[in-house]
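Novice: Starting from these lines, generate the structure:
(one chain, ligands or ions: 1)
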Amino acid sequence: MQESNSTVKKAGPVRRLFALPNEHPVKTIVVALILCLICSVLVSTAAILLKPRQLANEELLGKQREILRAVGRYQAGMNIQAEFSNIETRLVELATGEYVSHINADHYHYARAVADPATRVEIAPEADIARVRAIAKYAPVYLVQEAGETRLIVLPVHGYGLWSTMYAYLAIEVDGRVAGISFYKQGETPGLGSEIANPRWQAAWRGKRIYDDQGTVRLALITAGKRDPDQAEFQIDALSGATITSKGVTHLIRFWLGEQGYGPYLRRHFHVGGGQ
Ligand SMILES: Cc1cc2nc3c(=O)[nH]c(=O)nc-3n(C[C@H](O)[C@H](O)[C@H](O)COP(=O)(O)O)c2cc1C
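Specialist: Modelled structure (predicted):
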């Protein structure tokens, strides 16, 4: 017995710890601490490893929510993914208006495509009315399908206001009228330019015409004194005290629905903006 005690004393601290009886308080505390350490390492590792996927999921859900908002189908608490199952994502080559099938539209990252010299398209300063500097060769479109037919086309658009780049989803009926718009990211002044994000102001876009009979983009934000009743179907109230933001919105619509944006696509696939 004496010999085995001296063997334990000579052994390392771990052995000595495990040689203690299970009910010994030191052994209980140390084992609990070791378990806590192992668990916290496991939890932190999982959190770190899953973070990128979680962020990507949140970004995707956020995007889907804003697209649903643009088409007037968003309600708080709804199952966004289920509602989005009727919306098809396609990629379009902007210059030709053709659908692109060699790239998976669901995994396409527009901002990365703009940064990539292989797919970046510089916009000449005199043509850059939306102040985007460059766009990607391919852009996504979201098609709301009903009974096997496309009912609405949702286009991501962006352009510069007074302080910031303003991002929106513009939903269009297949007859070329606006179905809705959702500005979801912008940094204009709260109460002034930021009113572009106000759902009440956005509601005024519904039903407006985008192109005239010659296929020119005519939709514009117009200040109170300058409205022309004969042109009401193309005119949306500009935001008071935010003329620069309002002009930025008009310009981004003209740019993205024009020849450098989705103009060729809408003409080719929906005869929208093709003139009459
Ligand atoms: C603090 C501050 C914030 C402003 N924010 C905006 C803005 O977000 N968008 C905008 O167009 N004009 C903004 N303006 C006003 C512009 O400087 C400019 O005067 C205005 O666009 C002219 O529009 P109005 O003719 O409707 O007043 C801001 C002005 C100040 C002093």
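
Novice: okay, CA-based contacts and neighbour counts for the rest of this
Specialist: Will do.

Novice: would you list every one of the helices in the protein?
Specialist: Taking DSSP state H, the helices of the chain run over residues 2-10, 13-19, 25-70, 80-84, 110-115, 199-203, 243-257, 263-270.

Novice: Go ahead and name everything in contact with the fifth one.
Specialist: Put plainly, it is helix 110-115. Identification of contacts with helix 110-115 by CA atoms under 8 Å, 6 or more residues apart in numbering yields 119-121, 134-140.

Novice: Apply 10 Å and report the result again.
Specialist: 116, 119-122, 133-140 (CA atoms under 10 Å, 6 or more residues apart in numbering).

Novice: Need these in a markdown table (columns: distance to residue 32).
Specialist: Formatted as a markdown table, the contacts of helix 110-115 follow (distance: CA to CA, whole Å):
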| residue | distance to residue 32 |
| --- | --- |
| 116 | 52 |
| 119 | 56 |
| 120 | 57 |
| 121 | 60 |
| 122 | 61 |
| 133 | 59 |
| 134 | 58 |
| 135 | 57 |
| 136 | 56 |
| 137 | 58 |
| 138 | 56 |
| 139 | 55 |
| 140 | 53 |
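
Novice: quick one: which of the residues you listed is nearest to residue 215?
Specialist: Proximity of the contacts of helix 110-115 to residue 215 (CA to CA) peaks at residue 139, which lies at 21.3 Å.

Novice: which residues does that closest one contact?
Specialist: Residues counted as contacts of residue 139 (CA under 10 Å, 6+ apart) are 90-94, 97, 99-100, 105, 108-111, 113-114, 155-157, 261-262.

Novice: Pull up the residues of this structure that are close to the ligand.
Specialist: By CA under 6 Å from any ligand atom, the residues of the chain that approach the ligand are 162, 188-189, 192-193, 240-245.

Novice: Taking the residues you listed, please make a ChimeraX selection of just the buried ones.
Specialist: Entered in ChimeraX, the line below selects the buried ones among the residues of the chain next to the ligand, by 16 or more other CA atoms under 10 Å:
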select :162,188,193,242,243,244,245
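
Novice: Reformat the residues of the chain next to the ligand as TSV; add pLDDT.
Specialist: Formatted as TSV, the residues of the chain next to the ligand follow (pLDDT from 0 to 100):
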residue	pLDDT
162	97
188	97
189	97
192	96
193	97
240	91
241	93
242	97
243	96
244	97
245	98
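
Novice: now the contacts of helix 110-115 in JSON lines, with pLDDT?
Specialist: Formatted as JSON lines, the contacts of helix 110-115 follow (pLDDT from 0 to 100):
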{"residue": "116", "pLDDT": "97"}
{"residue": "119", "pLDDT": "96"}
{"residue": "120", "pLDDT": "98"}
{"residue": "121", "pLDDT": "97"}
{"residue": "122", "pLDDT": "97"}
{"residue": "133", "pLDDT": "97"}
{"residue": "134", "pLDDT": "97"}
{"residue": "135", "pLDDT": "98"}
{"residue": "136", "pLDDT": "98"}
{"residue": "137", "pLDDT": "98"}
{"residue": "138", "pLDDT": "98"}
{"residue": "139", "pLDDT": "98"}
{"residue": "140", "pLDDT": "97"}
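
Novice: are any of the residues you listed buried, and which?
Specialist: Those of the contacts of helix 110-115 that meet the buried threshold are 120-121, 135-140, by 16+ other CA under 10 Å.

Novice: of all these, which comes closest to the ligand?
Specialist: Taking CA to the nearest ligand atom as the measure, the ligand lies nearest residue 135 of these, at 24.0 Å.

Novice: For that closest one, give me its contacts.
Specialist: Residue 135 makes contact with 94, 110-111, 113-115, 119-123, 260-261, according to CA under 10 Å, 6+ apart.

Novice: Output those in JSON lines, with distance to residue 211 appended to each entry.
Specialist: JSON lines is the format used below for those (distance: CA to CA, whole Å):
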{"residue": "94", "distance to residue 211": "18"}
{"residue": "110", "distance to residue 211": "26"}
{"residue": "111", "distance to residue 211": "28"}
{"residue": "113", "distance to residue 211": "29"}
{"residue": "114", "distance to residue 211": "27"}
{"residue": "115", "distance to residue 211": "31"}
{"residue": "119", "distance to residue 211": "28"}
{"residue": "120", "distance to residue 211": "27"}
{"residue": "121", "distance to residue 211": "25"}
{"residue": "122", "distance to residue 211": "25"}
{"residue": "123", "distance to residue 211": "22"}
{"residue": "260", "distance to residue 211": "15"}
{"residue": "261", "distance to residue 211": "14"}
